[in-house]
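K.L.:
my questions are about this predicted structure, shown below with the sequence.
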Amino acid sequence: MDKKSKSLTRRKTLVAYSFILPNLLGFFIFTFVPIVFSLLLSFCEWNSGGEIKFIGLDNFIRMFSKDNSFWIALKNTIYYTVVTVPVTLALALFLAILMNKPLKGRVFFRSVLFFPYVASLVAIAVVWMALFNPDRGPVNSILMAIGIENPPRWAASTTWAMPTIIGLTVWKGMGYYMIVYLAALQGVSRDLYEAASLDGATRWQQFVNITWPCVTPTTFYILMMLIVATFKSYDIMYITTQGGPGEATKVLAYHIYNTAFVSSQFGYASAIAMILLAMIVVITLIQFKFEKRFTSYL
Amino acid sequence: MRKRRLWMAAALTFTVLLAGCGSKEEAVQTEAASTAAAAAEETEAADAKETEAAGEAVTLRVVLWDYSNTQYYKIMFEAFMAEYPNITIEPVEFSADEYDNVIVTQLSGKQNFDVVFTKNTPALSALIAQGHILALDDLIAADTEFDAAGYAGLMDEMALDGKTYALPFRYDNNLIFYNKDLFDAAGVEYPKDGMTMAEYHALAAQMTSGEGNEKVYGAHFHTWPSNIYEFPDRTEEFNMFEPDTYDSLISYYNEAIAMQDEGVIQDYGALKASNIHYSGVFYNQQAAMMQMGTWFINMLLENVQDFSWGVCTLPNDIGMVGENCIGGVTPVSIGAYGEHPEEAWQFIRYICGEEGAKVLAATGIVPGYSSDAIAEIYNSFPETYPNTPENLADYIICEKNVIEVPLNAHGKEVDTVFQEQHSAIMTKSVTVEEGIQQMKDRVNEILAAE
């Protein structure tokens, strides 16, 4: 490479950097620095007022050996994620396949399914909780009308509170993922289906051998987004159950919020946040490892 | 190609993650950013001192909630400014729901609030532990006109480790409010002071009638844990920071659960799930009796004309009538990073003293300060509002004011445990005994973590 083209490259690089600089600066100041501060804070004791005191691994020792709420929250987070993610994924794909067919009123149904995603979470949560009101809600009225004597008490029961919240999360999110799947489905070549049906493949065989493999990159994307979103979710619990009854719907992010802003233990909250971060990073890495095999034919 | 996608995805994940952690970090961020600001403020404070000496204009930043929709603040602040023309009050308002948490975040950023309102004693305990408010002892000692006796023992409750941190702006007793019209229609005698819990239960059962949307409940328990622990707290059998005393809750919880099972009160879970506010239940005459704080007097004066109401003291099992009041305090303190502590003291002494108390009492809100003049205001309500009971002052001014939650460094954590365990017990997710045992275990753990 001669001198002239080198300087041109450098100039081009500088221009490129100048474009990303404003965003990078914002990211660095408002996200990266606080993350590092939070990491440091996780080894300290700080109540937002006085001195920041270095206490080594005490926060982590407390978390693993003494804080029962941490384990409950961890268990709830895993429960919430493990159920929410596959259910949302399956429903979104099912609906997308349905909405991809030349159905009468398709646009209307698509809009209806997408609506919960664009509506405000607070409004959606209020409607959901009214539907599932244990005494006066329509859901229990219907259940009782069809002969179920003791319908679940939904958000007012430790057993059913989490499924109620999972239902809300799925309902709210599936419309969005349906749209993502729809886009993917429309990218699948019609020729493949035509060839398959000429060869006498059934609908199920077409799904297993054509649709599913063709949308795996989308599935992977949705899987990743969903896992991260469910792991760090706390807003739904905050609005609906405040982590209750008891600690039945207390998830890790809610525990972090409580520890930091209610109990003012910012150091300890940072330590829990770091554990949550580590868990998500590990899961993401495993997923990427898996993705190579998952989409190897592409 | 695949590699690039992988990187993009990784970057995406990281960004999403960081966004999630954002809110907490921002709090931390303000701290860092404001260290520099604090240094600048110090010099400003020095300048301010000079202007004060010259009697020049001072502006006090007062942080509080519900300012814009509460008339008495405006009346009080204007009266104060008229009396102290060199002081201007600048209210800084935050949303009521998240107020406690917001001011912690603000004060962590060393905001120069001169006067800080807190919602209750647990929130005050947190601010004390964090060093965000000043001890008032020097200011009190220097002020010869200050009358601590007017607070009927409440000043002692504003002290932690020998230092006083706040003046009691409001103090609320908790009472049973009842709908006289419903009792008259049923031909049942009005509830009396000092009922036993069993008598209260039986009376509520007697007053329960109707089905479906027409149902009138005999009593109403709102969803706060305090609605149970207030009973033994008033008789001083219970103390939130002494887990050994928690057994005193068992009989009250058992009675409340039985009332719930019989449909004499609304179900806790249903109330919680549908977020029903207690006021509507009473205004719409859906409950004959309701246990509530004395701030409800103000709400009734403003909202209820179509039926008469009365009050009596909380039921209990040791025969206490009206000797003790039980309730929370709304404390007012001086911010640690404010620039005018002396003017702030003049201000809080004014609003928490006789002048402020009169403005509060006129609206039916019970002030922390009490005197004959205040009692007079309460007893004169029936003249303006014919549906209110006579002798209300007897229920406002007690021999002893017991504080619901004493000042304690672990106040907010213990409060969280009570919220959670209360919901577990009331939804029958655990038995009363199990729930109380868990309460003891968890609180013991918190108190041990010194």
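P.N.:
Received the coordinates, thanks. Numbering: from 1, shown residues only, chains lettered A, B, ... in the order given.
K.L.:
from residue A:126, how far off is the one residue in chain A that gets nearest to chain B?
P.N.:
Closest residue of chain A to chain B, C-beta to the nearest C-beta: residue A:156 (2.1 Å). Using the backbone N, CA and C atoms, a C-beta is placed for each residue, glycine as well. Separation of residue A:156 from residue A:126 (C-beta to C-beta, to the nearest Å) stands at 16 Å.
K.L.:
how about residue 168: what's its closest non-neighbour residue?
P.N.:
Since you didn't name a chain, this refers to chain A. residue A:128 (4.6 Å; C-beta to C-beta, 6 or more residues apart in numbering or on different chains).
K.L.:
please refer instead to chain B.
P.N.:
Nearest one to residue B:168, counting by C-beta to C-beta, 6+ apart, is residue B:368 at 2.9 Å.
K.L.:
rewinding a little: give me the phi and psi for the residue nearest to residue A:168.
P.N.:
Dihedral pair for residue A:128: phi -60, psi -50, per degrees, to the nearest 10.
K.L.:
quick one, what contacts the nearest residue to residue B:379 once chain neighbours are set aside?
P.N.:
Excluding the flanking residues, the one nearest residue B:379 by C-beta to C-beta, 6+ apart is residue B:393, at 4.9 Å. Contacts for residue B:393 (C-beta atoms under 8 Å, 6 or more residues apart in numbering or on different chains) come out as B:374-376, B:378-379.
K.L.:
where's residue B:393 relative to residue B:296, distance?
P.N.:
Residue B:393 is 16 Å from residue B:296, where distance means C-beta to C-beta.
K.L.:
and the stretch 151-300 of chain B, which residues reach chain A?
P.N.:
Within the stretch 151-300 of chain B, the positions near chain A by C-beta under 8 Å from any C-beta of the partner chain are B:267-270, B:272-275.
K.L.:
just those residues now: which is nearest chain A?
P.N.:
Using C-beta to the nearest C-beta, residue B:269 is the member of these that sits closest to chain A, with 2.1 Å.
K.L.:
count the neighbours of the closest one for me.
P.N.:
Residue B:269: 26 surrounding residues under other C-beta atoms under 10 Å in any protein chain shown.
K.L.:
in contact with residue A:76: list those residues for me.
P.N.:
By C-beta under 8 Å, 6+ apart, the contact list for residue A:76 reads A:162, A:247-252.
K.L.:
stretch A:247-266: end-to-end distance?
P.N.:
With C-alpha to C-alpha, to the nearest Å as the measure, the first residue of stretch A:247-266 is 21 Å from its last.
K.L.:
right, is it up against chain B?
P.N.:
Yes. Stretch A:247-266 reaches chain B (C-beta under 8 Å from any C-beta) through A:247-248, A:250, A:253, A:256-258, A:260-264, A:266.
K.L.:
do the same with stretch A:226-234
P.N.:
Yes. Contact of stretch A:226-234 with chain B (C-beta under 8 Å from any C-beta) involves A:228-229, A:232.
K.L.:
what's the mean pLDDT across that stretch?
P.N.:
On average, the pLDDT along stretch A:226-234 is 91.
K.L.:
remind me which helix or strand the residue minimising distance to the centre of chain A belongs to.
P.N.:
Centroid-nearest residue in chain A: residue A:229, 2.2 Å away (criterion: C-alpha atoms, centre = their mean). Residue A:229 belongs to helix A:212-231 when assigned by DSSP states H and E.
K.L.:
centre of the chain to that helix, how far?
P.N.:
With C-alpha atoms, centre = their mean, to the nearest Å as the basis, helix A:212-231 stands 10 Å off its chain's centre.
K.L.:
for stretch B:125-140, same thing?
P.N.:
For stretch B:125-140, the distance to the chain centre is 19 Å (C-alpha atoms, centre = their mean).
K.L.:
can you list the buried residues in that stretch?
P.N.:
For stretch B:125-140, burial by neighbour count (16 or more other C-beta atoms under 10 Å in any protein chain shown) applies to B:125-130, B:132-136, B:139.
K.L.:
with secondary structure and pLDDT as added columns, please give the contacts of residue B:393 in CSV.
P.N.:
Below are those laid out as CSV (DSSP: H, G, I helix; E, B strand; the rest coil; pLDDT from 0 to 100):
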residue, secondary structure, pLDDT
B:374, helix, 89
B:375, helix, 91
B:376, helix, 92
B:378, helix, 91
B:379, helix, 92
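K.L.:
ok, residue A:56 touching residue A:43?
P.N.:
Yes. Taking C-beta atoms under 8 Å as the definition, residue A:56 is a contact partner of residue A:43 at 6.2 Å.
K.L.:
do you know how far the closest residue to residue A:154 other than its chain neighbours is from residue B:286?
P.N.:
Excluding the flanking residues, the one nearest residue A:154 by C-beta to C-beta, 6+ apart is residue A:132, at 4.1 Å. To residue B:286, residue A:132 is 22 Å away according to C-beta to C-beta.
K.L.:
show me what contacts the closest residue to chain A within the stretch 301-450 of chain B?
P.N.:
Closest residue of the stretch 301-450 of chain B to chain A, C-beta to the nearest C-beta: residue B:424 (3.2 Å). Contact partners of residue B:424, counting by C-beta under 8 Å, 6+ apart, are A:158, A:244-248, B:430, B:435, B:438.
K.L.:
cutoff 6 Å now
P.N.:
Each residue near residue B:424 by C-beta atoms under 6 Å, 6 or more residues apart in numbering or on different chains is listed here: A:245-246, B:430, B:435.
K.L.:
per-residue pLDDT, it?
P.N.:
pLDDT recorded at residue B:424 is 90.
K.L.:
so it sits in a helix?
P.N.:
Yes. The assignment for residue B:424 (DSSP: H, G, I helix; E, B strand; the rest coil) places it in a helix.
K.L.:
neighbour count: residue A:132 and residue B:286, which is higher?
P.N.:
Using other C-beta under 10 Å, the more surrounded residue of residue A:132 and residue B:286 is residue A:132, with 25 against 20.
K.L.:
pretty sure the more buried one sits against residue A:139.
P.N.:
Yes. Using C-beta atoms under 6 Å, residue A:132 is in contact with residue A:139, at 5.3 Å.
K.L.:
return the backbone torsion pair for the nearest residue to residue A:224 once chain neighbours are set aside.
P.N.:
Spatial nearest neighbour of residue A:224, excluding adjacent residues (C-beta to C-beta, 6+ apart): residue A:287 at 5.8 Å. The phi and psi values for residue A:287, taken as degrees, to the nearest 10, are phi -60, psi -40.
K.L.:
where exactly do the strands run in the stretch 51-200 of chain A?
P.N.:
Applying DSSP state E, counting those that start in this stretch to the stretch 51-200 of chain A gives strands spanning A:53-54.
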